[in-house]
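*Asks:* Model the structure of this input:
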Amino acid sequence: MIDISPDIEFKKELKRLSKSSLNECMQCGTCSVVCTLAPEERPFPRKEMIWAGWGMKDNLIANTDIWLCHQCGDCSTHCPRNVKPADVFSAIRQISYQHYACPKILRKIVNRPALLPVAILIPVIIIAGILLLAGTFRIPDGPVNYSKFFPHAWLNSSFSLITFLSYSFAISGLVKFWNDLKRSRPEAKPKNGLLISLFKNRSGILSHSKFGKCNTQKSRKISHFLVFYGFIMLLVVTAFAIIAAITHNYPLAFTNPFKILGNVAAVMLVIGLSIMILNRLINKNSINSTYTDWSFLISLFILSVSGVVVEAARFLNWQSAYHLYFFHLVCVWYVIIYLPYSKFGHLVYRTVAIAFANSIGRK
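*Replies:* Numbering: from 1, shown residues only. Alright, predicted model coming up:
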């Protein structure tokens, strides 16, 4: 006998985020048939759609299969009732990573449009406070030198601390998520732990091969590929810049290989994000975009563009360079501080879920 305990609030939130008429799903199975990524045994999204209609949050919040979906939209395109399973899955994923994110107060701040000013004000206050403590909260005289405005020792230490705290919260949520994945499939024992499973699944993650199997939106593989590797390249450049600052070999010359790598990464991010934004604007009738989607795309786009502008301002010695630099730092910290609570979080949760699926032989 199956015990069904509907979570009405969960269902209401799911309908609000997905804009889907969940009760109109007639369980025809078309969505599972047309999906090129669904496993033959217990394929998705048919079973998840009936769970969503019943408000069965526990069955969905730590469900491996919602992360195997790459939201190409094939199921929504062929749905005879226009229930939009792809958007339902996207909404479940959003609820899932927010469920595991802590502290809850930051989760609310990041995902409520009315609290956007507060979300922006937090990094502004933190950065301004550090500059006041450093005694450099003023426009320096002479040629543009960002280290006179924000000394490297203060910048690197504070940035490292903020990043450590943010990633610690993210790791804490991921550990809970991994344990819940195991509890949701007690009959399937993972062959390996989290780290080993991630390593064994590295080729699929790095190649973005799953995106290539979708039919409706093939451009998504290119855009995700550019954004994924562009961001990784910027992390590498940032780490090198911190080391260079410690060894007094900073700022980097325009011809420095890492400076070139950083500029290439910025271009990749701008192109990839532009494709994503245009895709959502052009296909707005078939793709449901939430506040969380736009917040992530726009903040990362502004971060990428502002980084290039700040670089140009230093080389060209613009009078507005320090104001632009402060704005860029706010963008950087906005993305880093809120990583576990924004859609950026879905990147790591998807990676962990796919690793778990492979560890139990579900491909």
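*Asks:* where in the chain is pLDDT low?
*Replies:* For the chain, residues meeting the criterion pLDDT under 70 lie at 1-3, 194, 202, 204-219, 363.
*Asks:* quick one, longest helix in it?
*Replies:* Assignment by DSSP state H gives helix 152-184 as the longest helix of the chain.
*Asks:* next helix or strand past that one?
*Replies:* Helices and strands here follow DSSP states H and E; after helix 152-184, the next one along the chain is helix 194-200.
*Asks:* Return the distance of that next one from the chain's centre.
*Replies:* For helix 194-200, the gap between its own C-alpha mean and the chain's C-alpha mean amounts to 20 Å (CA atoms, centre = their mean, to the nearest Å).
*Asks:* Check stretch 78-88 too.
*Replies:* Shown here is stretch 78-88, whose average C-alpha point lies 24 Å from the average C-alpha point of the whole chain (CA atoms, centre = their mean).
*Asks:* C-alpha coordinates for stretch 56-70, PDB please?
*Replies:* Coordinates of the C-alpha atoms in stretch 56-70 are reproduced here as PDB (Å, rounded to 0.1, in the frame of the first residue of the first chain):
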ATOM      1  CA  MET A  56       4.600  14.600  -3.500                       C
ATOM      2  CA  LYS A  57       7.500  16.700  -2.500                       C
ATOM      3  CA  ASP A  58       9.500  14.000  -0.900                       C
ATOM      4  CA  ASN A  59       9.500  12.000  -4.100                       C
ATOM      5  CA  LEU A  60      10.800  14.900  -6.100                       C
ATOM      6  CA  ILE A  61      13.100  17.000  -4.000                       C
ATOM      7  CA  ALA A  62      15.900  14.400  -4.000                       C
ATOM      8  CA  ASN A  63      15.000  12.700  -7.200                       C
ATOM      9  CA  THR A  64      18.000  11.800  -9.400                       C
ATOM     10  CA  ASP A  65      16.000  11.900 -12.600                       C
ATOM     11  CA  ILE A  66      15.100  15.600 -12.400                       C
ATOM     12  CA  TRP A  67      18.800  16.300 -12.800                       C
ATOM     13  CA  LEU A  68      19.400  13.900 -15.700                       C
ATOM     14  CA  CYS A  69      17.000  16.100 -17.700                       C
ATOM     15  CA  HIS A  70      18.800  18.900 -19.500                       C
END
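*Asks:* If you count neighbours, what's buried in it?
*Replies:* Neighbour-count burial for stretch 56-70, with 16 or more other CB atoms under 10 Å as criterion, is recorded at 56-57, 59-70. C-beta coordinates here come from the backbone N, C-alpha and C atoms, glycine included.
*Asks:* Can you show me the strands along this protein?
*Replies:* Counting by DSSP state E, the chain forms no strands at all.
*Asks:* quick one, domains of it?
*Replies:* According to automatic domain parsing, the chain is divided into the following domains: 8-100, 108-359.
*Asks:* Of those domains, which stretch is the most buried?
*Replies:* By mean neighbour count, with neighbours taken as mean count of other CB atoms under 10 Å, domain 8-100 ranks first of the domains of the chain at a mean of 19.
*Asks:* separation between Phe89 and Ile125?
*Replies:* Here Phe89 is placed at a distance of 37 Å from Ile125 (CB to CB, to the nearest Å).
*Asks:* Kindly report the same for Gly53.
*Replies:* Shown here: Gly53 relative to Ile125, a distance of 44 Å by CB to CB.
*Asks:* Kindly report the same for Tyr338.
*Replies:* If you go by CB to CB, the gap between Tyr338 and Ile125 works out to 15 Å.
*Asks:* With Leu17 instead?
*Replies:* Taking CB to CB as the measure, Leu17 falls 30 Å from Ile125.
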